[in-house]
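Novice: just to be clear, the model below is a prediction. Sequence and coordinates:
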Amino acid sequence: MNRKMLFNSSLLLILSFFLSKALAQSAAPALSPGPPPSTDIYKILTKAGQFTVLIRLLKSTQVGNQINNQLGSSNSELTVFAPTDNAFSSLKTGTLNGLSDQQKVQLLQFHLVPSFISITNFQTMSNPVQTQASDTYEYPLNITTSGNQVNITTGIVNTTISGTVYSDNQLAVYQVDKVLQPLGIFAPRPLPPAPAPAPPKPKKKATDTESSGPTTSDDSSDAIGVTGNLGMVVLSMSMFAAGIFNL
């Protein structure tokens, strides 16, 4: 076998190999696309940076896991107001350490609104805004707009949204430069005063008659008695005079 025949045979084998591989790949069924990756609040905040304290709180309280579980449902929506590390550092020293575990959970829930709010929809919000802290009396959150500025007030803190961290039509995360401090934790409202007790009923005063006992007569009866006696005396004298004249 000469070189030309050997070259042709080798070329034929190579072409046959690639042809069979191409046919095998075309015959294989196309892979269906997998489910879209689930939204992870930890990854979102980590990628954005400057949310170290918030991430730590979300993990220690398990609120971050709750957020991820909520977002795992296609029907669930959420808006997160995310305080930066500088926002937490501006709190008084020991503020977070002075909170109970339950108060930390409520503080984080106060930063969550159970609906998706786009930056343009803040203009249509009605106050007070319902947060996942639920009690709007102890945890009032009011949102107003002025031009393109979104203002947030809690009764203690006034701040604005300083940027959009993330938005995907299910989850919106907005940066705030102050921790939203609710009244229910940082300035508890006093309970309404208890109704005043009813005044005691006055005791019945004794009348003059009751206090002095029974009496036998009064001024009018005394006058009648005197008049009657005088009449008897006059009558007796008249009868006596008449007897003398008859003698």
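Specialist: Arrived safely, thanks for sending. Residues are numbered from 1 along each chain as shown.
Novice: which residues touch stretch 109-128?
Specialist: Stretch 109-128 is touched from outside by 63, 67, 77-83, 129-134, 136, 139-145, 150, 154, 161, 164, 167, 169-172, 174, 180, 182, with contacts defined as CB atoms under 8 Å, 6 or more residues apart in numbering. Bear in mind the C-beta positions are built from the backbone N, C-alpha and C, glycine included.
Novice: switch the cut-off to 7 Å
Specialist: 63, 77-81, 129, 131-133, 136, 139-143, 145, 150, 164, 169-172, 180, 182 (CB atoms under 7 Å, 6 or more residues apart in numbering).
Novice: buried set for that stretch?
Specialist: Gln109, Phe110, His111, Leu112, Val113, Phe116, Ile117, Phe122, Met125, Pro128 (16 or more other CB atoms under 10 Å).
Novice: and stretch 162-177, by the same measure?
Specialist: Buried, per 16+ other CB under 10 Å, within stretch 162-177: Val165, Tyr166, Leu171, Ala172, Val173, Tyr174, Gln175, Val176.
Novice: now the second one: closest residue in space that isn't a chain neighbour?
Specialist: Using CB to CB, 6 or more residues apart in numbering and skipping the chain neighbours, the partner closest in space to Tyr166 is Val173 (4.3 Å).
Novice: again, but for the first one
Specialist: Counting by CB to CB, 6+ apart, Val165 lies nearest to Val173, which is 4.0 Å off, once chain neighbours are set aside.
Novice: how many residues are close by Asp138?
Specialist: To be clear, residue 138 is Glu; Asp isn't right here. Neighbour count of Glu138, defined by other CB atoms under 10 Å: 15.
Novice: now do Ser38
Specialist: Neighbour tally, Ser38, other CB under 10 Å: 10.
Novice: and it, what does it touch?
Specialist: Asn68, Leu71, Gly72.
Novice: ok, back up a step: so of the contacts of stretch 109-128, which ones are in strands?
Specialist: If you go by DSSP state E, these have Leu78, Thr79, Val80, Phe81, Asn142, Ile143, Thr145, Val150, Thr164, Leu171, Ala172 in strands.
Novice: and the strands in the protein?
Specialist: 78-83, 112-113, 142-146, 149-153, 158-167, 171-176.
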